[in-house]
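Enquirer: Build me a model:
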Amino acid sequence: MGERFGVFLRLTGWAVPRKGGFMRTIRYGRAAAAILCAILLAAAVASAQQEYPVTTRTLKNGLKVLVQSDHSIPNVALYIFYRIGSRNERPGTTGLSHFFEHMMFNGAKKYGPGDLDKVMEANGGANNAYTTRDVTVYQDWFPRSALPLIYDMESDRIRDLSFDPEKVKSEREVVASERRLSVDNENSGVLDEQLWATSFIAHPYQWPVLGWMSDIEHWTMEDLKHHFETGYSPNNATMVVVGDVSAEEIFKLCETYIEPIPTHPPPPTVTTVEPPQIGERRLVVHKAAELPLLMLGYHVPQTNSSDFYALNILRTILFQGESSRMYQRLVDKDQIALDVSSTVEPAFDPTMVEVVAQPKQGVDPQACEKAIYEELEQAASAPISGTELEKAKNIRLVEFYRQMRTINGRANTIGTYEVFFGDYNKLFDAAKNYSAVTKEDVQRVAKAYFGANNRTVATLIPETAGKGKQ
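Expert: Numbers count the residues shown, from 1 in each chain. A predicted model of the protein is given here:
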């Protein structure tokens, strides 16, 4: 796989002369290289499917386990995806999923406070976790010699997590401090929070992953235990193991350490559907800042939508890199912004694409708005060029291939496809699906999702100390 990647990079090098008699030859060469690259990448992913097949088993307690053996290095990546995030919270309990991301490192029955990190590091491993609106994911990276130990530690904290009142109090203060630092005292954090709270009026995506401060301060012990019982039940999780292991040894470890853990009813199904937005929404935040900030939100479908690949191609053309349309327009040509970017997270339900622009000193954020809208309208009204399409496909395919090169990247990608797309096998069609996107597909999604009635506009206006709102 490494050799194929090297060939790919040589074929798609962007160090191309900008003048001289070779430009036409280079353009034809690029087109041919793009086609060959897509073929090579599709072949590489298919080869990975054959060389590193995934074996699955569902334990008696409902935990689904996916194993991909790769003996190239004596290491292992283990991911556990719990289908519990801020969308599973309610007013009064917001922030609990993020809280348990912290609490799961604070000790259980066998391994006490701090032991998880100490034992992991002493055995040459590392760990981490992250929380989103949809999932909480725990990550372990370690040498294969530590396999039984890791399973012993994971089973301990899933089955017997400590709810010691002093630890709960301490961690409550930690997450409250994190909120103050990353939201209340961070301009982009507070504007992003207000954007989501305004863009969604019905669906629980409207409240923040970190939770509202008043909720953090008033969670009850009953709230905590109920959230943990439903969210961290084995039948609400998917485990992915990639590395120097065999499927049978992993299944045996799971049967020994994980299968005896009892199950509980999963979180209630989220049935609320965000109603279609029928008009632009706007909000303004006045806050002490050196520069203004602009954020736009556009509603888009959930991750497993048939429009997923076309939307990613469109976002790549518009926002990714210094040669993207938005960067060329706002940063290079008009010189009204320091940066412009776009993000979207995997989501179970219809979600939001964010567009963020950082206006330059003295520039009215509305100038950035106008330029962004003009570029979006251009994408919706006229087909993109063939060169842009192939370049965007190459970028996406390279990113996908880079993820698939390492055991860590594969563990995360396999888990993401299994959890958000409903079947890990769909990842092996990713290269083909990106290659199949047409100019018409890109234009269609631009028209469908990036219109004025579907957007929410959030602007941060600097407030000068002593002068009030400007």
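
Enquirer: Which residue would you name as the spatial centre of the protein?
Expert: Nearest to the mean C-alpha position of the chain, counting by C-alpha atoms, centre = their mean, stands residue 345 at 4.1 Å.

Enquirer: just checking, it touches residue 132?
Expert: Yes. Using C-beta atoms under 8 Å, residue 345 makes contact with residue 132 at a distance of 5.8 Å. No exception for glycine: its C-beta is placed from N, CA and C like everyone else's.

Enquirer: Flag the shaky bits of the chain, pLDDT-wise.
Expert: Under the criterion pLDDT under 70, the flagged ranges of the chain are 1-51, 465-470.

Enquirer: Can you list the residue ranges for helices in the stretch 251-400 of the chain?
Expert: 308-319, 325-326, 365-381, 386-405 (DSSP state H, counting those that start in this stretch).

Enquirer: packing partners for the first one?
Expert: Translated: helix 308-319. Counting contacts by 3 or more C-beta pairs under 8 Å, 6 or more residues apart in numbering; DSSP states H and E, helix 308-319 packs against helix 325-326, strand 337-343, strand 351-359, helix 365-381, helix 386-405, helix 430-436, helix 439-449.

Enquirer: So for residue 461, which of the ones you listed sits nearest?
Expert: Closest of the helices and strands packed on helix 308-319 to residue 461 is helix 365-381, at 7.8 Å (criterion: C-beta to C-beta).

Enquirer: Let's verify residue 181: helix, strand, or coil?
Expert: Recorded secondary structure, residue 181: helix (DSSP: H, G, I helix; E, B strand; the rest coil).

Enquirer: how many other residues sit next to it?
Expert: Look at residue 181: counted by other C-beta atoms under 10 Å, it has 11 neighbours.

Enquirer: Over to residue 90?
Expert: By other C-beta under 10 Å, the residues close to residue 90 number 12.

Enquirer: Need the nearest residue in space to it, chain neighbours excluded.
Expert: Nearest residue to residue 90 in three dimensions, chain neighbours excluded: residue 204, at 7.5 Å (C-beta to C-beta, 6 or more residues apart in numbering).

Enquirer: wouldn't that neighbour be in contact with residue 85 here?
Expert: No. Contact criterion C-beta under 8 Å: residue 204 and residue 85 do not qualify, at 9.2 Å.

Enquirer: and for those two, which residues touch both?
Expert: residue 133 (C-beta atoms under 8 Å, 6 or more residues apart in numbering).

Enquirer: domains for this structure, by residue range?
Expert: Following automatic domain parsing, one finds the domains of the chain at 2-51, 54-257, 281-462.

Enquirer: Relative to residue 275, which of these is closest?
Expert: Nearest of these (C-beta to C-beta): domain 54-257, 6.1 Å.

Enquirer: Pull up the distance across that closest one, start to finish.
Expert: From its first residue to its last, domain 54-257 covers 21 Å (C-alpha to C-alpha, to the nearest Å).

Enquirer: is it true that residue 307 touches residue 313?
Expert: No. Applying C-beta under 8 Å, one finds residue 307 not in contact with residue 313, separated by 10.3 Å.

Enquirer: Comparing those two, which residue is more hemmed in?
Expert: Taking neighbours as other C-beta under 10 Å, residue 307 and residue 313 compare with residue 313 leading, 25 against 17.

Enquirer: Do I have it right that that one meets residue 435?
Expert: No. Using C-beta under 8 Å, residue 313 is not in contact with residue 435; the gap is 10.3 Å.

Enquirer: which residues do those two both contact?
Expert: Common neighbours of residue 313 and residue 435 are listed as residue 393 (criterion: C-beta under 8 Å, 6+ apart).

Enquirer: ok, back up a step: could you dump the domains of the chain to JSON lines with distance to residue 271?
Expert: Listed next are these as JSON lines, based on distance: least, C-beta to C-beta, whole Å:
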{"stretch": "domain 2-51", "distance to residue 271": "36"}
{"stretch": "domain 54-257", "distance to residue 271": "10"}
{"stretch": "domain 281-462", "distance to residue 271": "10"}
